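> sharing a model prediction with you, sequence too.
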Amino acid sequence: MTQTTEAPYSSARREFTRLESEEDLRRLFDLDTLRRSLFEHKDEAVKKDWEETRQLLLNASDTQRAELLFSHRLLATYGSSMPLIRYMLESTPPVEWQASITERRQELIDRMAGTEAGKHWMRCMRQKGGWKFTAIYLWGERSRVTSEAIDLFFLMLDEISILTDFLAGRSKDYGYDFKTKEFTDYGKLKEYIYGNEGKARKIIELLNQSIAGKKEPKTMVMPIRAAYEAGAVARIPHNTFEEIFDPENIVKKSSYNEYIDLNNRCYNDPAFASLMEEFQQYV
């Protein structure tokens with residue numbers, strides 16, 4: 001079999017993967033539903049008698065064989081990366097778990113995007129049933145993907161998907177009680193956010209992204225004001241803002257109340273208008 005040429009590991013590709021929203025990343029790497037579906041299909045196949053199964057295998061098309069191989073491989077490798085994940089968590093203070101999990105997942109996505117198989121997966125999984133196209137790419141009649149590249153693909157996919165499970169709130173499936181900042185933030189902010197839980201989480205994600213790294217009071221309050229003025233949230237009190245977004249107590253209560261006041265036209269720049277538009281999509 002001919003050696004597959006791997007795509008160059010470029011800063012441009014790393015930047016592309018970082019631009020993905022959490023929702024997009026879950027579409028690519030949240031495999032819980034897919035695993036369940038493939039297992040149920042496998043369980044149905046087991047119930048058939050051998051003669052029936054043998055005829056199905058003998059008459060299987062190239063596409064059917066590729067899908068069967070993918071199904072078995074995805075289920076067989078599930079959990080193979082847990083020793084690595086367990087070591088990472090046990091060697092990291094719990095307060096730093098979210099940062100470590102997020103950074104490790106991004107590192108793996110960057111590496112995966114630098115391989116032809118990984119790049120193919122990321123394109124296909126944006127579509128319904130995308131795994132089937134990846135199966136054909138890996139094991140189709142004309143595939144030139146090496147066994148080493150396939151091993152690496154499934155190793156990275158398993159670890160990325162389990163880290164995604166952690167970030168999606170399913171850590172208890174792996175024996176951990178880990179809650180993301182977004183999860184705890186939702187519990188504290190849900191009474192101030194309009195719309196369903198899905199929209200609320202997107203609003204919280206956008207607030208966190210927009211405030212992160214800011215150190216000047218006016219710019220720190222700007223995302224809260226934009227969400228409030230856009231009608232995405234109710235007026236968030238200063239103590240809640242401080243607890244969630246300002247643990248260093250940079251924004252004093254008087255300044256916060258001044259910037260959040262809708263009668264105070266202190267935000268008139270294009271950046272504020274753009275941020276308001278982003279929040280308005282969730283109204």
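Good, I have the coordinates.
> now the nearest residue to G169 once chain neighbours are set aside: how far from I204?
The shortest distance from G169 to any non-neighbouring residue, by C-beta to C-beta, 6 or more residues apart in numbering, is to F183 (5.8 Å). To be clear about C-beta, it is placed using only N, CA and C from the backbone, and glycine gets the same treatment. The gap separating F183 from I204 is 10 Å, by C-beta to C-beta, to the nearest Å.
> neighbour count: these two, which is higher?
I204 (22 against 15; other C-beta atoms under 10 Å).
> contacting residues around the more buried one?
Going by C-beta atoms under 8 Å, 6 or more residues apart in numbering, I204 touches 182, 185-186, 189, 193.
> any chance of JSON lines for these, columns pLDDT and secondary structure?
Formatted as JSON lines, the contacts of I204 follow (pLDDT from 0 to 100; DSSP: H, G, I helix; E, B strand; the rest coil):
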{"residue": "E182", "pLDDT": "73", "secondary structure": "helix"}
{"residue": "D185", "pLDDT": "81", "secondary structure": "helix"}
{"residue": "Y186", "pLDDT": "77", "secondary structure": "helix"}
{"residue": "L189", "pLDDT": "88", "secondary structure": "helix"}
{"residue": "I193", "pLDDT": "90", "secondary structure": "strand"}
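> go through those residues and say which is closest to R26.
E182 (12.4 Å; C-beta to C-beta).
> excluding chain neighbours, what is closest to that closest one?
I204 (5.7 Å).
> pull up the gap between that neighbour and I250, please.
On the measure of C-beta to C-beta, I204 and I250 end up 20 Å apart.
> in the stretch 101-250 of the chain, which spans are helices?
For the stretch 101-250 of the chain, the helices defined by DSSP state H, counting those that start in this stretch cover 116-124, 130-139, 147-167, 181-189, 197-211, 217-230, 238-245.
> just so I know, which of the ones you listed lies nearest S71?
Between the helices of the stretch 101-250 of the chain, helix 130-139 lies closest to S71; by C-beta to C-beta that is 8.0 Å.
> where in this structure is pLDDT low?
The model of the chain has pLDDT under 70 over residues 1-21, 41-48, 50-55, 57, 59-60.
> walk me through the domains of it.
The record assigns the chain these domain ranges, following automatic domain parsing: 11-174, 182-280.
> N263 - how many residues pack around it?
4.
> oh, I was asking about E116
For E116, the neighbour count with other C-beta under 10 Å is 16.
> about what we covered before: got a markdown table for the helices of the stretch 101-250 of the chain, with distance to P83 too?
Putting these into a markdown table (distance: least, C-beta to C-beta, whole Å) gives the following:
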| stretch | distance to P83 |
| --- | --- |
| helix 116-124 | 22 |
| helix 130-139 | 25 |
| helix 147-167 | 10 |
| helix 181-189 | 26 |
| helix 197-211 | 31 |
| helix 217-230 | 40 |
| helix 238-245 | 35 |
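> of all the ones you listed, which lies closest to L68?
helix 130-139 (8.4 Å).
> now for that closest one, which elements pack on it?
Helix 130-139 is packed against helix 62-76, helix 116-124, with contacts defined by 3 or more C-beta pairs under 8 Å, 6 or more residues apart in numbering; DSSP states H and E.
> kindly compare burial across the ones you listed and name the winner.
Greatest average neighbour count among the helices and strands packed on helix 130-139 goes to helix 116-124 (a mean of 20), per mean count of other C-beta atoms under 10 Å.
> counting contacts, what elements does it pack onto?
Using 3+ C-beta pairs under 8 Å, 6+ apart: helix 116-124 touches helix 97-113, helix 130-139, helix 147-167.
> just checking, what packs against the longest one?
Counting contacts by 3+ C-beta pairs under 8 Å, 6+ apart, the secondary-structure elements packed against helix 147-167 are helix 22-29, helix 62-76, helix 82-90, helix 97-113, helix 116-124.
> over to the first one?
Taking 3+ C-beta pairs under 8 Å, 6+ apart as contact, the helices and strands that helix 97-113 lies on are helix 11-18, helix 82-90, helix 116-124, helix 147-167.
> okay, buried residues for that helix please.
Residues of helix 97-113 classed as buried by neighbour count (16 or more other C-beta atoms under 10 Å): 97-98, 100-102, 104-106, 108-113.
> one more: the second one?
Of the residues in helix 130-139, those scored as buried under the neighbour-count criterion (16+ other C-beta under 10 Å) are 130-139.
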